[in-house]
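Q: Below are the sequence and a predicted model; questions follow.
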Amino acid sequence: MTEWVISLGGTKDVQLIIDGKRTDGRTLDELRAIRIEAGVIPEADGSSYIEWGNNKIVCGVYGPRECIPRHGASPYGATLKCRYMMSPFSSLEEHSRSGPSRRSNELSKVIREALENVLLLGKFPNTQIEIYIDVLQADGGTRTASLTAAAVALANAGIPMKDMVAAVAVGKASETLVVDLNKPEDNLGQSDMPIAMSHRDKNLLLVQMDGLLTKEEISRMLDMVEKSCDEIHEVQADALRRIYKTEQKEPFRW
Amino acid sequence: MEKRIILPGEKIAEGRINAANTFFDGKDTYATAIGTLDTTDRYMALESPYKPVVEDTVVGVITDVRHAGYEVDLNLPNSGFIPTRNVRITLQLGDFVLCKIKLVNEVGDVDLGEVRRLPIGKVLRYPPSKIPRLIGRKSSMIEVLKKYGNGDIMVGNNGYVWISEKNNMPIILKAIGMIKENAHRSGLTDEITNFLKHDGVGD
Amino acid sequence: MGDEVKDTIMAHIRRNVMEKTLVKGTRYDGRAFDEYRTVEIQTNVIKTAEGSAIAKIGETTVLAAIKFDVVTPFQDRPTQGVMITNAELLPMASPTFEPGPPGEKSIEAARVVDRAIRSAECIDLNSFFIEEGKVLGIYLDLYVLNHSGNYTDAATLAGTAALINTKMPRVENVKIIRGEYEGPLEMTSRPVTTSMIKVDKNYWLVDPMRDEENVAETVLTIGTTEKHVCAMQKGRGSLSKTELLDAIDIAFKRGNDLRKILKEVE
């Protein structure tokens, strides 16, 4: 596990990259350690747990089931509902208020709109599919980790989907392009671009960006995303395959 | 028998083939659910929500008694309906029933017929995609369970399993749990027979 | 809502089956009446919290996390630290849990756990005094991650384990220095709760599964420390005096078993 980088001061000119190495010792295109487990919530129709660096996120899926309220149902297909939440103990700072915030509402929406593209919702008219994401421990990049976990939980639930989805953030810190930003790079870096990509046809399903970038930089960053998403996909695939392994499975540890 | 695990979005055949839980992108056919591909390239989904199909056998619970008929919980987004003309017997709230699906309309409402009331028992939720395994080839698995559990068991395609109270409940529930955990493995019927023989009630 | 309605209707008929199984002296999963499912505790799972633990009773899973903040004390207790307990029944944990503001079930769970821990006086809130008008606030967050019955006991167990696991934060100039600690939190006792139900007959079923909870006529939770009863909560139903006294005996016996498991994680 990578060490916590707790305080780096509050200024923008902190040196985040020294000799091609980042604050946590990674190279520029290196992902943090990712561990995914599928089927961790026996009561849910599908579920997953992801540890991505110091992020710990759990995700549960229900459905298709009766759409509530009834008038929210669509005859064209299932209504996808997504709730992303941060636990009040998820950051090293003070205890935050539980419940939805403006930020969590926005993230719920972009995660839902990313996944809607790959799910065959039309097969289940007048129903709803629910995705619940809870961030237990946060260290930068929770939206991409959440999306990655949600795709595994949906596959685990058997919700028909055209493709798997993986997500990662790329950004610029100390004038250098880096993959999978950690908290200090996210807070002190110059720009941040979380991207979700479908595995088979490499479509962009989530695109957000802040900071300043040139077109050339964005193009290079998208190439970096593609390579990283393939790596992430392997971890997702392994988690899903492991459930059906014939040998004795190791007991799951949180 | 070597089976490969397939993920959603993985190609399972060149060109178009007709199989459940797949989609065709205009050129090739892809899986839409996690499943297996056997040596003959036959794809089977391991997880998938149940879609009601006419003539399927389902187990349900009566949740409402109305003039026109009975409303039935089927473990589905929409509840099923038994029109009064399809039943001769009088049913009560909470009764377990075994029925056949007679009609499915475009919004997913289900009409039921050939109703049989089931005696007191326990109804269990079971993943619908793993139901075929619980029944077994030519009902082999379910026969084993019935034999060693000393009671009746009814399996609905909708994922409800009714277990008669005459059964040795702890043993049967454990065996069903084992079948669910290992649904993708071969040689399961023998394993379950063994378990029931040794840990269970014996012959 | 759908599943809630189904649960009550199913409960009506399930009770008959349940009783027949119980007459044979066993429960659906083969346990004895006063037996817990397998209990497992894992501590220090959340690094952003000062203390944390996950308790599993069978498949029921509850995460507890402890955070400290500098807060203003209550006016009537100006030198005492503040403890705030909150429980979240995550909608992912069960088909019957719904998203939205805390409902009566989660508020009850939080209050029962809070009462057990608070009245056990296992932590000295007076030691949380910093200066006039400033004390440490201790937040206990309980996250029910999977509900297969009896999340109350799992929540208390996780809460106590998280407190045992808690490191006191370093406080300088009325501010918490995050990531720096000053030794463990002092604990003088180990409160746990034992929940049990009655299904029509006069015996208690300890640690009910969801199936059993649904058909319960009487629901009772008793909190115990090594020597005392520290909390009681009756849910639905009624009971006689002897039944309550019997229940207290069971609660001490099973509570001591749970404390043994807590000992192992220290």
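A: Cool, the structure landed.

Q: quick one: buried residues of stretch C:68-82?
A: C:68-71, C:73, C:80-82 (16 or more other CB atoms under 10 Å in any protein chain shown). Every residue, glycine included, has its C-beta placed from N, CA and C.

Q: same deal with stretch A:73-87?
A: Using 16+ other CB under 10 Å as the test for burial, stretch A:73-87 gives A:73, A:77-87.

Q: contacts with chain C among these, please.
A: When CB under 8 Å from any CB of the partner chain is applied, the members of the buried residues of stretch A:73-87 adjacent to chain C are A:83, A:87.

Q: Run a quick neighbour tally on C:Arg118.
A: 17 (other CB atoms under 10 Å in any protein chain shown).

Q: okay but it is in contact with C:Gly81, surely?
A: No. Using CB atoms under 8 Å, C:Arg118 is not in contact with C:Gly81; the gap is 11.4 Å.

Q: Wasn't C:Leu244 part of a helix?
A: Yes. Assigned with DSSP: H, G, I helix; E, B strand; the rest coil, C:Leu244 falls within a helix.

Q: tell me the contacts of it?
A: C:Leu220 (CB atoms under 8 Å, 6 or more residues apart in numbering or on different chains).

Q: cool, and C:Thr218?
A: Residues near C:Thr218 by CB under 8 Å, 6+ apart: C:197-198, C:234-239.

Q: and with 10 Å instead?
A: C:196-200, C:204, C:234-239, C:243, C:247 (CB atoms under 10 Å, 6 or more residues apart in numbering or on different chains).

Q: returning to what we had before: next, show the common contact partners of C:Arg118 and C:Gly81.
A: Residues touching both C:Arg118 and C:Gly81 (CB under 10 Å, 6+ apart): C:Leu125.

Q: Tell me, how many residues neighbour the residue in chain B that chain A sits nearest to?
A: Of all residues in chain B, the one sitting closest to chain A is B:Glu47 (2.9 Å; CB to the nearest CB). For B:Glu47, the count of nearby residues is 25 (other CB under 10 Å).

Q: Surely it is within a strand?
A: No. Per three-state DSSP, B:Glu47 lies outside any strand segment and is coil.

Q: any idea how far the longest helix anywhere in chain B is from the chain center?
A: With residue count as the measure and DSSP state H as the assignment, chain B has helix B:169-181 as its longest helix. Centroid displacement of helix B:169-181 relative to its chain, using CA atoms, centre = their mean, to the nearest Å, is 15 Å.

Q: ok, it near chain A or not?
A: Yes. Interface with chain A: helix B:169-181 contributes B:Glu181 (CB under 10 Å from any CB of the partner chain).

Q: Pretty sure B:Pro127 sits against B:Asn158.
A: No. Counting by CB atoms under 10 Å, B:Asn158 is not a contact partner of B:Pro127; they are 11.1 Å apart.

Q: Return every residue with contacts to both of these two.
A: Looking at what touches both B:Pro127 and B:Asn158 (by CB under 10 Å, 6+ apart), the common residues are B:Tyr50.

Q: and the closest residue to chain B within the stretch 51-200 of chain C, which of the three is it?
A: When scored by CB to the nearest CB, the stretch 51-200 of chain C has C:Pro95 as its residue closest to chain B, at 9.0 Å. Under three-state DSSP, C:Pro95 falls in the coil class.

Q: Quick check: phi and psi at it.
A: Main-chain dihedrals, C:Pro95, degrees, to the nearest 10: phi -60, psi -20.

Q: Return the per-residue confidence for it.
A: pLDDT recorded at C:Pro95 is 91.

Q: what does the one 3 residues further on give?
A: Reported pLDDT at C:Glu98 in the predicted model: 90.

Q: Please apply the same query to B:Val201.
A: Value for B:Val201, per-residue pLDDT: 53.

Q: And A:Thr246, by the same measure?
A: For A:Thr246, the model assigns a pLDDT of 71.

Q: cool, and B:Asp190?
A: 90.

Q: Regarding it, what is its secondary structure?
A: helix.

Q: mind listing what it touches?
A: Per CB under 10 Å, 6+ apart, neighbours of B:Asp190: B:140, B:144.

Q: Please repeat the previous calculation with a cut-off of 7 Å.
A: Applying CB atoms under 7 Å, 6 or more residues apart in numbering or on different chains to B:Asp190 gives no contacts.

Q: same thing with A:Thr79?
A: Residues counted as contacts of A:Thr79 (CB under 7 Å, 6+ apart) are A:67, A:72-73, A:128.

Q: Contacts only, for residue 116.
A: The chain I'm using is chain A. Contacts for A:Glu116 (CB under 7 Å, 6+ apart) come out as A:Leu80.

Q: actually it's chain C I care about, not the one you picked
A: Contacts of C:Ala116 (CB under 7 Å, 6+ apart): C:156, C:191, C:193, C:223, C:230-231.

Q: In a helix, it, correct?
A: Yes. Counting by three-state DSSP, C:Ala116 falls inside a helix.

Q: Leaving aside the residues adjacent along the chain, what's closest to it?
A: Nearest non-adjacent residue to C:Ala116, counting by CB to CB, 6 or more residues apart in numbering or on different chains: C:Gly223, 3.3 Å away.

Q: Same check on C:Leu239?
A: Nearest non-adjacent residue to C:Leu239, counting by CB to CB, 6+ apart: C:Thr218, 5.3 Å away.

Q: do the same with C:Ile84
A: C:Tyr139 is the one closest to C:Ile84 (CB to CB, 6+ apart), at 5.2 Å.

Q: where's that neighbour, which helix or strand?
A: Using DSSP states H and E, C:Tyr139 sits in strand C:134-146.

Q: Quick one: list the elements packing against that strand.
A: With contacts defined as 3 or more CB pairs under 7 Å, 6 or more residues apart in numbering or on different chains; DSSP states H and E, strand C:134-146 has these neighbours: strand C:60-71, strand C:82-89, helix C:104-119, helix C:151-164.

Q: Helix C:151-164 and the first one, what's the angle between them?
A: Read that as strand C:60-71. 50 degrees (axes from the mean of the first three to the mean of the last three CA atoms, to 10 degrees).

Q: Likewise for the second one?
A: Using the same axes, to 10 degrees, the interaxial angle of strand C:82-89 with respect to helix C:151-164 works out to 140 degrees.

Q: chain center to strand C:82-89, what's the gap?
A: 11 Å.

Q: Contacts for that strand, please.
A: Strand C:82-89 is contacted by residues A:98, C:71, C:73-74, C:97, C:105-106, C:109-110, C:113-114, C:118, C:125, C:135, C:137-144, C:155 when judged by CB under 7 Å, 6+ apart.

Q: buried stuff in that strand?
A: C:82-83, C:85-89.

Q: quick one: the strands in chain B?
A: In chain B, the strands defined using DSSP state E lie at B:4-6, B:11-14, B:22-24, B:28-31, B:35-37, B:43-45, B:57-65, B:69-73, B:80-83, B:96-104, B:110-118, B:121-125, B:153-155, B:160-164.

Q: what's the closest of those strands to A:Tyr62?
A: For the strands of chain B, proximity to A:Tyr62 was assessed by CB to CB; strand B:121-125 is nearest, at 12.5 Å.
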